[in-house]
Structure formats: C-alpha cells, structure tokens
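[1] here is a sequence together with a model predicted from it:
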Amino acid sequence: MKCSKRPTIQLGLAAATAVSLAASLTKSCDAFTSPLANHVNKRSVSSLGAIGLGPDDQSPTLEKEAAEDGMVGEKTFKYANPYDPERVIKGEDGEPLAHITDHDPYRLSRMSNSDRAADAWFGALLESEGDSFLGPISEEHKQRLLQRVELVDEPVIAYGEEEWTPYVVRRLPTSPLYPAYGLETYGLPVPRRGAEAWRQFDVNGLIAMDYSGRPEGVGTDKELSEKEVEDAVASLKSKGAWLDDDSCDGRLVYINGRFCPSLSKTTDEVKNLNSADFESGLSTETLELLARLPDGHTDKLAAEVPDSDKGPLNSLEKLSGPDHCVGKATSQFAINNQQGTAAFAALNSVKAGSVAYVHASMKDASADSEEEGDAPKPVLIVNAQTPSGGSASTEEDKGVAFHPRVLAVADDGSVLSLVQMCVDLNEDSEEAPCATFVNGYTQVYVGAKANMTHAFLEESGGQVTSRVEISDEEAAEESIANPREEEAKRPALRDTHFQAIDVHITGDEGSYAGSVMELGGCGRSRIAISTSLLRPGASAAVNGFSLSGGAQRSDMRTNIQHMAQGTISRQEQRNMVGGRSTASFRGRIRVEQSAQQTDSEQLSRTILLSDHARIWATPSLEIIADDVTCTHGATISDLSEEELFYLRSRGLDRTTARNLLMYAFVEEIGSSVDERIAGAFEDENGLRSRVTRRLENLVPQGEKTLVGGEFQSA
C-alpha cells in the first residue's frame, strides 16, 4: 500500500456537510476546554477540521471567522460545558446529586470474581518466599508494582494549545473515575480474562495453578560433580542444546534457574551477573538498560528519534502528536494495544536470581572478520529444567516459578549471533514431576551499523499426545488407549511458559534479525516480542513459528514500531495447529508520524491439521505517516489435497507425503536459525531432525473428508 499526502482536497457536494461537521466538532471541543464565560458558536470552513486535522495554513482562524459572522460572545446554552465541576446535576427525585471527588472507594467496584482471583494469583507470585537479587532494579520494579495508579481526571487543555485534541475522555462530576482494566490492585496491568492482551488465552486455567514455590538455592551458583557434568552434557547434546568451546564465543547454562559454572564458557563479554555484581555496583548505563519496562511503561525512549519539525523526540506516549499518540501507558486506550508483558517483566526483576549478560563490541567484530567468509560464532544461552524444577516443597499441588533474565547489547559496528534455548533435562529420572512456570525476559539493544541475529527456541515440556482429535468410539474401534485421557494425564500440561523479548535498535542503520520457534509441549505458552526502530535506516526481520497439538493453548504476539524515517521491517509468522489445541497470533505494526518512507511487510500463514484445532490470527497495521509502503495479510488452510496427490502419485505413502509438506512449511523459518544449532539434515540431534520428529507426532492419519469443496494450499 502506497500512501501519499495530497496537496489539495476537492470540495464538491459534500462541502456543506463538512462545514456542518466542523461546526459541531468545534462546539463539542469548546464544551471540554473553554471557560464557561467564553463559549461561542465557532465554525470552520476547512474540510480538514471535520476530520480532526485542524485548519489549513491558508484558512482564516476560527476567531477571525467568528468575528466576521457577528457571533462573538453568543452563549450556546446555560451550561455550555456539561463537565463543569460547578454544574448542578439533579437525580430522578429532583434533588441535586453529590459531586464525587474521592474515587478510591470505587477502585475495586467493577472487579469480577475472576479478576480478584487473577490478582490473588499474581500476588502469590510477587510475595513468594525468598530474596531479591538484582539490587536497585528489584526495588524499583517492586515499587512500580505495588504503587497503585493515581485516579485523577485528564488535564483540561484549551483549544489552540499545542497539546489540544478533541479525542479526550471526560466524566460527569457525579460519576466516579475508575482505573483501567487490570490496574485495580497493582501499578502495572495484570491478566484479565476479557482484556485485549489476554483475549483467547486460558487465563482461568493459568490462575487455577499455584506457582508460588521457588527453586531451592535460587540466586546462588549450582555446583555439579564430574559425573553430574558428564550426564548433563550428554543430555543437553541429545537436545541439540550444546556447542563445544571452539564452536561458540560463549555459553551460559542455567538449570532450574541457577547458573552452572561447570557447564558454561564465560568471558569478559559473556558472563553471569549475580547479586554480588549488583552490590559492587554496575555501570549507570547497564542499570538504565535493565530498568526499562516493555509496553511503554518506561516512557523515555531508548534513543532520541530525529524529527525535522519538532526536534528530537524522547517520549513514547507523545509520538505522532496529540491526535494520534497512544497516550499514557496506564490509560485504557494504551492498555488495549499492549501485549500484557510489563507486570511480568517487573516480576522477573523482583524474583530473578541472576542475569545472563552478553556484550558485543566493534573490537569483537573486527576479530571475527579476519577470517573472510566465516560467520560469527554464536553465543548460546540454555535454560534447562528437571522434572522436579529444583523444588524442595512436599506439597503436590504447589508448583515452582523460574525467572530467566537476559541482557544483550550490540555496540556500534559490532556483530552478534545469540541463541536462546529452553529444554528439558533428565526427564527420564525418577524425580516426582512438579508444575513449573517460566517467566523469561530478554532485553536487546542494537547500536549503529551493528548486525545482530537472534534465535529463541522453546522446546521444553516434551511432546504432546498424538491423535487426540479422534473420538472415543474411534479409539475403541482401534483398540488403543484413549488419546484424550492420556493427554490429560501428561504432567507438562500443567506447565506454563511466558517469554517477553524487548528489542530496541538505538543506532543509525542498525540491523536485527530474530527467529522465534515455539515447539515445546507445555500446557500454556505465550511468547511476545516487541521491536522498536528508533533511528533512521534501522531494519528488523522478525520470523516466527508456533507448533501446537494435544490440548495445548499457545499464544504468539509481536509488535514492530517504526519511529524513525527510512526504517524497514519484514515479518513472517507461520503457525501449525493440530489435535484439539488452541492457538492465537496477533501481530501489530505501528508507523509513527515521524517514520516517513517506512517500508514494512507482514504475513501470517497457518495450517490446521485437525477439524478440532482452532486459531485466531490477527495481523494489523496502524499507519500515522503519509509516505509509506506497507502490506499485510493472513492465510489459514489445510494441507493441499492437490499437492498430496502429486507426492503420492510419485510413490510416497499418505503419512510421508503429509509430513513432507509440513516440514517444507516449517523449514523456511527454521533455515534462519544459526547453522551450528540447526545442524545438518543427517544430524539426529540437530534442529531439523527434532522438528521432524515433532511433526511426525502430529501428522494427520487416515483420509481427509472434504466438506464443501477442496481446501486451498497454504
């Protein structure tokens, strides 16, 4: 879509209507902003005024126009401003209604039982036993959570002032002021079943689980014996979650949220930050980076956005001017467009035991470039969990929570390849399984002309039960155990995995390429990645794949925000949904007024493997600038019968043909992962082989009964 600003607007038959709308708009705006004594009937002949863009530069001012019409000083009605605090409003009995000035008694009045349960669940996580280890970051973010949002009316801004806008929300003096949905108890929005950020997610199932336990020894290093190191390395290699020292620039391994020095390769640039580092004092810059919260709850931008008209822009809530800005992050309008990750990022700061720190400098990039043609060696970060989750609790219904934290910084001119993996460890041991909640937070900062590739692979939770889509009668006819009953008994179905990835491109012509693959068998998973292009020439490529089956509930959310001029983004999301699982994808691209000449493409493609599988796919574009090239789209399909027939006519059986098409659908995303992790096709522990095994577990069985014609190819 090519958008360009027209120099003139043709006024034809609709001119009279435009004038009428402009007059009505002006009256309404005056009712909000002007003093009672100054209310006049004003109107504008500009068609731009009718759509909220203000008068033309060549149009007469409203005041001059009103004076020419002889309407100065004319009152519209006795109380021209219905929101005037002095206005008397009478009830049905004719008596004046009391004006409400204290809103705190009404703060919790709109909450449902589900809302109260969600707050209690989050409170149990926040107040769980154990210390905080991130020093001032933990203290600051806990204060943000516990300090409730102040209930005050928006300031009244007079017409003609720079911040004036007709798009404001006012209340009558006799009506109470309520907090935004999710902010009743805490200072950052927590989950709500009906909130936009949590729509289609299993909130009730989430808050029914108790994850208030903590791993034993969190905040301290985990020491392993030689035998334990040997067993752990063998297990990690079988998961493809291991790179030898000569194949990587650094390796950080965490087991049940605790850093394992004996399994890691650390350097001055790749290391674990523990409580001692925070106590001794980190640099102010590092603390500022760690203190940032996603979803706009840190209003100051990570870098200044150049703007030829208004100068450098520093505030996220004011981008694109008063008519098109998202406003305060705690407003209902802003929360409706957020990913719901801020409260969990703050919770991560309070409960994380340490931080995986990766820093790439130009010096490192120069060293890598000495061998021409060689790609930089990756930095590998592994978060592994055992069946018990490291919990020492004897309560069967009490789960345990991990809070992995990563900070990656690519300096100007540097090159960085980062791979994060979440895997199971020693899943065949005799440990009693414990429900786990993983709440990860990754922060990425990319400098000028830096080049960063980033892969996040979520493979924990084992494999789902296959063929859960068949009926009880079909299972009985085939004399097999009921797959739905087997899936309901699977321990990992109680697990939940949250991951927030917050990316900021803070330098001119910085480049970020991210690949997110959601492959695990957790009962509930939710991955949210947000990318901010803050400087001219910045580019981002965000590719994602989500695989769900059995009775899983998975959610993938992306947000790409173009703020600077001449930025480029490419996004492709692929989803494969089988069994009786439910998946959702919401991808949002926003192009601010300052981001002229933006080039952005977004595509979501989904394959449904079962008639009982469901998905909500919602790609979206919000364009404020008027000189951009943007496209987006979505497709949902079954496997193509025509393509299956072609493969079967070449001698492949039905199952192999389906698996081949499924693998081809995934490979375009998997090929963007670092080759050292992806592995060769013959490598049985490589990513390609692991993906193939998971696809074989979900491949549909039997013939497809087509209803209403043939499905189209995805």
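    Looks like it came in fine. Everything numeric here is computed off the predicted structure, so don't read it as measured data.
[2] the residue nearest the centre of the chain pairs with what?
    The C-alpha lying nearest the average C-alpha coordinate of the chain belongs to Ala528 (Cα atoms, centre = their mean; 2.9 Å). According to DSSP bridges, the partner residues bridging Ala528 are Ala500, Arg557.
[3] contacts only, for it.
    Pro294, Gln339, Gly340, Thr341, Gln499, Ala500, Ile501, Met556, Arg557, Thr558, Asn559 (Cβ atoms under 8 Å, 6 or more residues apart in numbering). From N, CA and C alone the C-beta is placed, and that goes for glycine too.
[4] max pairwise distance over those: which two?
    Spatial extent of the contacts of Ala528 (Cβ to Cβ) is set by the pair Pro294 and Met556 at 15.6 Å.
[5] quick one: which of the contacts of Ala528 has the most company?
    Thr341 (30 neighbours; other Cβ atoms under 10 Å).
[6] now the residue nearest to that residue when sequence neighbours are not counted: how far from Ala197?
    Spatial nearest neighbour of Thr341, excluding adjacent residues (Cβ to Cβ, 6 or more residues apart in numbering): Ala500 at 4.0 Å. Per Cβ to Cβ, to the nearest Å, Ala500 is found 12 Å from Ala197.
[7] quick one, phi psi at the closest residue to Gly340 other than its chain neighbours?
    Using Cβ to Cβ, 6+ apart and skipping residues adjacent in sequence, the residue nearest Gly340 is Ala197, 3.2 Å away. Ala197 has phi and psi values of phi -70, psi -20 when expressed as degrees, to the nearest 10.
[8] just checking, Ala197 touches Pro189?
    Yes. In this structure, Ala197 is within contact of Pro189 by Cβ atoms under 8 Å, at 7.4 Å.
[9] overlap in contacts, those two.
    Shared contacts of Ala197 and Pro189 (Cβ under 8 Å, 6+ apart): Ile335, Gln338, Gly340.
[10] let me have those in a markdown table, extended by distance to Gln463.
    What follows is these, written out as a markdown table (distance: Cβ to Cβ, whole Å):
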| residue | distance to Gln463 |
| --- | --- |
| Ile335 | 36 |
| Gln338 | 33 |
| Gly340 | 28 |
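[11] narrow those to those in helices?
    Counting by DSSP state H, the part of the shared contacts of Ala197 and Pro189 found in helices is Ile335.
[12] so how far is Tyr357 from the residue lying closest to Glu279 once chain neighbours are set aside?
    Closest residue in space to Glu279, ignoring its immediate chain neighbours: Gly135 at 6.3 Å, by Cβ to Cβ, 6+ apart. Distance of Gly135 to Tyr357, computed by Cβ to Cβ: 14 Å.
[13] what's the end-to-end length of stretch 459-466?
    17 Å (Cα to Cα, to the nearest Å).
[14] give me the contact list for that stretch.
    Here stretch 459-466 makes contact (Cβ under 8 Å, 6+ apart) with 239, 385, 421-424, 427, 438, 483-484, 486-487, 490, 492, 495, 497, 519-523, 548-552, 579, 581, 690, 693-694, 697-698.
[15] which among those residues end up buried?
    239, 385, 421-424, 427, 438, 483-484, 486-487, 490, 492, 495, 497, 519-523, 548-552, 579, 581, 690, 694, 697-698 (16 or more other Cβ atoms under 10 Å).
[16] looking at the shared contacts of Ala197 and Pro189, which is nearest Ala540?
    Once Cβ to Cβ is applied, the member of the shared contacts of Ala197 and Pro189 that ends up nearest Ala540 is Gln338, at 19.2 Å.
[17] wait, that closest one sits on Leu293?
    No. In this structure Gln338 lies outside contact range of Leu293 using Cβ under 8 Å: 10.9 Å.
[18] and the helices in the stretch 601-714 of the chain?
    In the stretch 601-714 of the chain, the helices defined using DSSP state H, counting those that start in this stretch lie at 641-649, 654-670, 675-678, 687-698.
[19] go on, the stretch 101-250 of the chain?
    Going by DSSP H, counting those that start in this stretch, the stretch 101-250 of the chain shows helices at 113-126, 136-146, 203-207, 226-238.
[20] for the first one, what is the average pLDDT?
    Mean pLDDT, computed over helix 113-126, is 97.
[21] pull the residues that contact it.
    Residues contacting helix 113-126 (Cβ under 8 Å, 6+ apart): 111, 142, 145, 184-186, 190-193, 203-204, 206-207, 210-212, 343, 347, 350-351, 401, 437.
[22] now list the buried members of those.
    111, 142, 145, 184-186, 190-193, 203, 206-207, 210-212, 343, 347, 350-351, 401, 437.
[23] can you pull the pLDDT of Asn426?
    Per-residue pLDDT puts Asn426 at 86.
[24] wait, it touches Thr386, no?
    Yes. Using Cβ under 8 Å, Asn426 is in contact with Thr386, at 5.3 Å.
[25] more neighbours, those two?
    A count of neighbours by other Cβ under 10 Å puts Thr386 above the other of Asn426 and Thr386, at 21 against 18.
[26] compute the distance between the more buried one and Gly257, please.
    The gap separating Thr386 from Gly257 is 11 Å, by Cβ to Cβ.
[27] give the buried residues for stretch 668-683.
    Neighbour counts over stretch 668-683 (16+ other Cβ under 10 Å) mark Ile669, Gly670, Ser672, Val673, Asp674, Arg676, Ile677, Ala678, Gly679 as buried.
[28] extract the C-alpha set from that stretch and format it as CSV.
    Extracted C-alpha coordinates of stretch 668-683, given in CSV (Å, rounded to 0.1, in the frame of the first residue of the first chain):
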residue,chain,number,x,y,z
GLU,A,668,11.6,-21.5,5.6
ILE,A,669,11.6,-20.3,9.2
GLY,A,670,14.0,-22.8,10.7
SER,A,671,16.6,-22.0,8.0
SER,A,672,17.1,-18.6,9.6
VAL,A,673,18.5,-20.2,12.8
ASP,A,674,22.3,-20.3,13.1
GLU,A,675,23.6,-23.3,11.2
ARG,A,676,25.6,-24.6,14.2
ILE,A,677,22.3,-25.1,16.0
ALA,A,678,20.1,-26.0,13.0
GLY,A,679,22.6,-28.9,12.2
ALA,A,680,22.8,-30.9,9.0
PHE,A,681,19.9,-33.0,7.7
GLU,A,682,21.6,-36.2,8.8
ASP,A,683,22.3,-34.9,12.3
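[29] what's the mean pLDDT across that stretch?
    In this model, stretch 668-683 carries a mean pLDDT of 89.
[30] hmm, who's touching that stretch?
    240, 243, 247-248, 375, 377-378, 380, 417, 419, 421, 453, 455, 457, 513, 515, 517, 541, 543-545, 572, 574, 685-689, 691.
[31] next step: those restricted to strands.
    Among the contacts of stretch 668-683, DSSP state E puts 380, 417, 419, 421, 453, 455, 457, 513, 515, 517, 541, 543-545, 572, 574 in strands.
[32] Leu609 is in contact with Pro700, correct?
    Yes. The criterion here is Cβ under 8 Å, and Pro700 meets it with Leu609 at 5.3 Å.
[33] who touches both of those two?
    By Cβ under 8 Å, 6+ apart, the residues touching both Pro700 and Leu609 are Gly578, Leu639.
[34] ok, now which ones touch Glu509?
    Applying Cβ under 8 Å, 6+ apart, the residues near Glu509 are Ala448, Lys449, Arg535, Pro536, Gly537, Ala538, Ser539.
[35] next one: it relative to Ile607, how far apart?
    Glu509 is 36 Å from Ile607, by Cβ to Cβ.
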